[in-house]
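Novice: Here's my sequence, what's the structure:
(chains A and B)
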Amino acid sequence: MPVTPFNLSRRAFGRLALASSAAVVGAAYRPGVALAAAPKGEPIKVGILHSLSGTMAISETTLKDVMLMLIEEQNRKGGLLGRPLQAVVVDPASNWPLFAEKARQLLSVDKASAVFGCWTSVSRKSVLPVFEELNGILFYPVQYEGQECSRNIFYTGAAPNQQAIPAVDYLLSEDGGGAKRFALVGTDYVYPRTTNQILVNYLKSKGIKEEDILVNYTPFGQSDWQTIVSQIKAFGSAGKKTAVVSTINGDANVPFYKELGNQGISATDIPVMAFSVGEEELAGMDTKPLVGQLAAWNYFESIDTPANQNFIKQWHAYTKNPKRTTNDPMEAHYIGFNMWVQAVTKAGTTDHDKVIDAMIGVRQPNLTGGIAEMLPDHHLTKPVYIGEIQDDGQFSVVWKTPQLVPGQAWSPWVPETKDLVGDWRKPIACGNYNTVSKSCLGARHG
Amino acid sequence: MDNFKRFCLGVACCLALALTGMPPARADDFSGLESGDFDQVCASITGLAGSGNPQAVTVLEALEQHALFFAPAGGLFIVHGQTYTDARTGQAVATPPDGVKPIKLNNRVRKALASAQAELALASSQAQERQKAADLLYVRHDPAFLPALDHALASEKNTQVHLHLLRARAATLLAQPAEGAGSVDARIGAVKALESVGGLEARGLLAAVAAADVEAPGVRKAAADAVAHIDWHLRVWNVLQNAFYGLSYGSVLLLAATGLAITFGVMGVINMAHGELMMIGAYVTWMVQQAIRGTVPALEPVSILVAIPVAFGVCGALGVLIERGLIRFLYGRPLETLLATWGLSLVLQQAVRSIFGPTNIAVQTPSWLSGSVSVGGMDITLNRLAILVFAFAVLGGLMLVLRRTALGLEMRAVTQNRRMAALMGIRTPRVDALAFGLGAGLAGLAGVAVSQIDNVSPNLGQSYIIDSFMGVVFGGGGNLWGTLAAAMALGMGGKVLEPTVGAVSAKIAILVLVILYIQRHPRGMFPVRGRGVES
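Specialist: Numbering: from 1, shown residues only, chains lettered A, B, ... in the order given. As a prediction, the model looks like this:
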């Protein structure tokens, strides 16, 4: 039989399934479906700290659902250390101070053994002091700007060197169009600003001149992109091959791409490489005018491996919706959760200090091939893929890094941090160790 | 003639193959396509287009439609459903080999493919096709197509197409490295030709020529002059373009603010749930689209027109319900109304999130609202143009309702002096309910329009509520002309500032300007007048 191209429709039918899955909050353990010996004893609590209402619910609700699915599956396999896992779901409602409050509640009231949560960097920054004060464990599943390395956080998403740098390498290559001029367009907050700072330095080291780099920031939720798109068009008419690197966040992407399509900018003329556009974002768009636009991730739903097929099948069965997409942060939670399970098993206890020490060096196969390893700086080794948007709303992988890329907490392209490394193994046991002065900068983590 | 010879050769080869029934030779024009390597696929596509092979058009078309498959053991197939055709011979294949895979495209392949198809289209019998091909080769200006363009120029009879071919040839000539690509005079001629075409494309090419070290000084100077000339033109058009952007942004603000102006003007109610009513209008658009797709797919392109009255009706009814169920208990207590409607907005948001899910839903933009038309040096995007027209139509309709209907008369009376109107026998509670319903219905209409430019998610309303309030307050609460003037001023101001100071600073600057204006003129640009207004 021929392999027919992926043809999932992206239409959002039957979103009701989501509402019904929300109803199982907290009831992850179902005795009726146990395959292995039913776990007994005091349940191990797993905190889920994702916004279920407010602006970020659009992205974070899915991650809550995937965590509930993973926990349910683990219980079916006999729990952990012979004890059942119990999900504790809280809703920080896209409100940054509330994130810190809810984190405190999870750690000190619910005594969560591990917390999976946060999406935006500002929410992570707001819970970081809480996790350090109460010595908790947080798994953070989203690609981010780096420049942080806390003992209490495991960064299962990509650092800039695992997404932004390889993506720009691709744009510079012949296959990527050999771009000589770059427009860095982003939403005005910490992730785009740090990423663009790294990229500007990196591009300059590759011989791109200052006047060939345009940096543009827009407010959150920008919905009128007319002038900015025509600015990009004008910027691209200087006789050099031009590419756009987009760190535009969340909701603003749909009107941006619509405007690109309407003003007739196609990927073959000015390709747009996005770092925050995944399958979920494309679900709200007609992708025909966008065919060929690029995204860099460590996971794509369309990657055809048995592990990924299984995961997608399981997800569709769990959500009772065969049209729900999977995306990169979901895989990050999948890897992070399984690593935590391994580390707890290895340590034989859920004691935070022992689990944190046991995490380093744990290996877990990726859904898309290769094996992720938890590094001493609490980042992962990851493959990097470049995908092109197809007319069915999926990505087709056109390039991948030849090897897995180890994550770097501190960017060598930022002058202040080029000598820093994170290494939480003894004897260094430091998140910001200066390799030149051979000293630890101490408790400041970014 | 060369192409014709190659064509004959190709036909002969195919015939020979078909007759002898031999497996296709390994190294022909097609074999690169089977390699799975983007370099070779590109080379093969360009080779095929120039080869004159009779299968070239069909094969390239299949490739474009993802219908070209290759077998790992060799062999290319065009697959439509369950029917397999051998790409080399065009004959049906009864038993396809195992494990055939589609040939992957990336941007480079797509680019090579478009150019190759344009090269083939130069020989089309349709003048329109030939002109389109010439335009595409003008944009690509790939030196590899110079012979094809020369060939086409030699035989082109249609003067219009000839002109486009000349442009394409000029661009292609200039895109080549200077040595051996025409004399200095020929190149200066090409520069002049591009200068007369103008536009961003020509500017880019000429800027590259002006900066190239290998170019003769005369050519470089001509190119630099041409760039300066084109830039001057572009600047003039740019002003008009920004004016259009401002108008278009203003029209979106106007749509969002008119409903608010009605409720605020007539009842003095600050409706914080106005944005959520817009969001519901957008969701109604989606539901109408889904329903039409499910029942009469032929009407899908006009589903957006069907959605207009439906959204107005649904949101209007909801508005009457809100007024009767919530707001009428709170008249005269503006702070409580503000809090209550804000709470209502959260309830509506979360309700939609629970029913439809938190993610974006895809409201389709019909093809007649996609893309843009060029007018001189500016691009008018069709969806924005439609919204501009729609906004003014809505405003006009609203004026008619207010000036020419009994309800309008009563509403104006209540706006000017509520107690006097009541004494004259106007049932003010009924006017209130209908006015609130009208405002909510207008929010629904704004939702239909916004679904064509923005993403439709439960958060949609939040991004518009601040801007529409600004429009109403700046315009002078409740005066429609004021709202129009304010929306256009805010839109224009934003879009003029944006390219120079950036989007973030532009937003701040506009807010500061509005604050300063309101301080001097607390009642806005066009304050409502009337004897009862002061109270």
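Novice: so who does the most centrally placed residue in chain A touch?
Specialist: The residue lying closest to the centre of chain A (Cα atoms, centre = their mean) is residue A:142, at 2.4 Å. By Cβ atoms under 8 Å, 6 or more residues apart in numbering or on different chains, the contact set of residue A:142 is A:118-120, A:157, A:329, A:332. Placement of C-beta: from N, CA and C, glycine included.
Novice: of these, the lowest pLDDT goes to which?
Specialist: Lowest in pLDDT among those is residue A:120, which has 88.
Novice: Pull up the residues of the stretch 251-400 of chain A that are close to chain B.
Specialist: A:251, A:253-255, A:258-259, A:261-264, A:267-269, A:271, A:280-281, A:283-286, A:289, A:291-292, A:294, A:388, A:396, A:398 (Cβ under 8 Å from any Cβ of the partner chain).
Novice: switch the cut-off to 7 Å
Specialist: Proximity of the stretch 251-400 of chain A to chain B (Cβ under 7 Å from any Cβ of the partner chain) is limited to residues A:251, A:254-255, A:258, A:262-264, A:267-268, A:271, A:280, A:283-286, A:292, A:388, A:396, A:398.
Novice: are any of the residues you listed buried, and which?
Specialist: Among these, the ones that count as buried by 16 or more other Cβ atoms under 10 Å in any protein chain shown are A:251, A:254-255, A:258, A:262-263, A:267-268, A:271, A:280, A:283-286, A:292, A:388, A:396, A:398.
Novice: Look at residue 99 and give its secondary structure.
Specialist: I went with chain A, as the question did not name one. Three-state call for residue A:99 (DSSP: H, G, I helix; E, B strand; the rest coil): helix.
Novice: look at chain B instead
Specialist: With three-state DSSP as the basis, the three-state label of residue B:99 is coil.
Novice: The closest residue to residue B:479 other than its chain neighbours: neighbour count?
Specialist: Excluding the flanking residues, the one nearest residue B:479 by Cβ to Cβ, 6 or more residues apart in numbering or on different chains is residue B:526, at 4.4 Å. Neighbourhood size, residue B:526 [other Cβ atoms under 10 Å in any protein chain shown]: 20.
Novice: Would you check how far apart residue B:526 and residue B:246 are?
Specialist: 20 Å (Cβ to Cβ, to the nearest Å).
Novice: Over to residue B:418?
Specialist: Distance of residue B:418 to residue B:246, given as Cβ to Cβ: 37 Å.
Novice: Run through chain B and note the low-pLDDT ranges.
Specialist: B:1-27, B:178-182, B:478, B:528-535 (pLDDT under 70).
Novice: which residues touch residue A:208?
Specialist: Going by Cβ atoms under 7 Å, 6 or more residues apart in numbering or on different chains, residue A:208 touches A:180, A:182.
Novice: Surely it forms part of a strand?
Specialist: No. Checked against three-state DSSP, residue A:208 lies outside a strand; its state is coil.
Novice: With residue A:172 as the reference, measure out to it.
Specialist: 8 Å.
Novice: three-state assignment of the nearest residue to residue B:211 once chain neighbours are set aside?
Specialist: Spatially, and ignoring its direct neighbours in sequence, residue B:211 is nearest to residue A:239 (6.7 Å; Cβ to Cβ, 6+ apart). What three-state DSSP gives for residue A:239 is coil.
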